[in-house]
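Visitor: Dropping a prediction and its sequence here:
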Amino acid sequence: MTTTETGADAPASPDTTDATDATETVTGHDRGVHGYHEQKHEHLKRLRRIEGQIRGLQRMVDEDVYCIDILTQVSASTKALQSFALQLLEEHLRHCVADAAVKGGDEIDAKVKEATQAIARMMRT
């Protein structure tokens, strides 16, 4: 969301981030709206399903289920979390990094570095 918008949560002041620089545009990101905002309901639903998978793992251990069956469920839960993380990363790139690119300056370098570090952490798991 990189266009200026007026909405219920939009600031009453002109659409600028700094009164001294009227060329900068206030974006949804400036108002605390993150890339996942529009899919928030779906993400929460997905996380509740993953939470159910984890509870299922606890139940399996409690019920002394065969090791390989538990490992299969661990693998499925891990894949579900990785898939969620990739979706969130894509939304971060499309929203937060793109927003920083529009603004330019040092912010884009910081956002790219932040995203790169997140990707590196995901690859280590």
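Guide: Perfect, I can see it now.
Visitor: In the lowest-mean-pLDDT helix or strand in the chain, which residues are buried?
Guide: Across the helices and strands of the chain, mean pLDDT, DSSP states H and E gives its lowest value to helix 98-103, namely a mean of 89. Buried residues in helix 98-103, counted by 16 or more other Cβ atoms under 10 Å: 98, 99, 100, 103. For the C-beta atoms, the positions are set from N, CA and C on the backbone; glycine is no exception.
Visitor: Helix or strand: which one has the residue most central in space within the chain?
Guide: The centre of the chain sits closest to residue 88, judged by Cα atoms, centre = their mean, with a distance of 3.5 Å. Taking DSSP states H and E as the definition, one finds residue 88 inside helix 67-92.
Visitor: Off-centre distance for that helix?
Guide: 15 Å (Cα atoms, centre = their mean, to the nearest Å).
Visitor: Does residue 53 touch residue 75 like I think?
Guide: No: using Cβ atoms under 8 Å, residue 53 is not in contact with residue 75, being 10.6 Å away.
Visitor: Looking at these two, which is more packed in?
Guide: residue 53 (15 against 10; other Cβ atoms under 10 Å).
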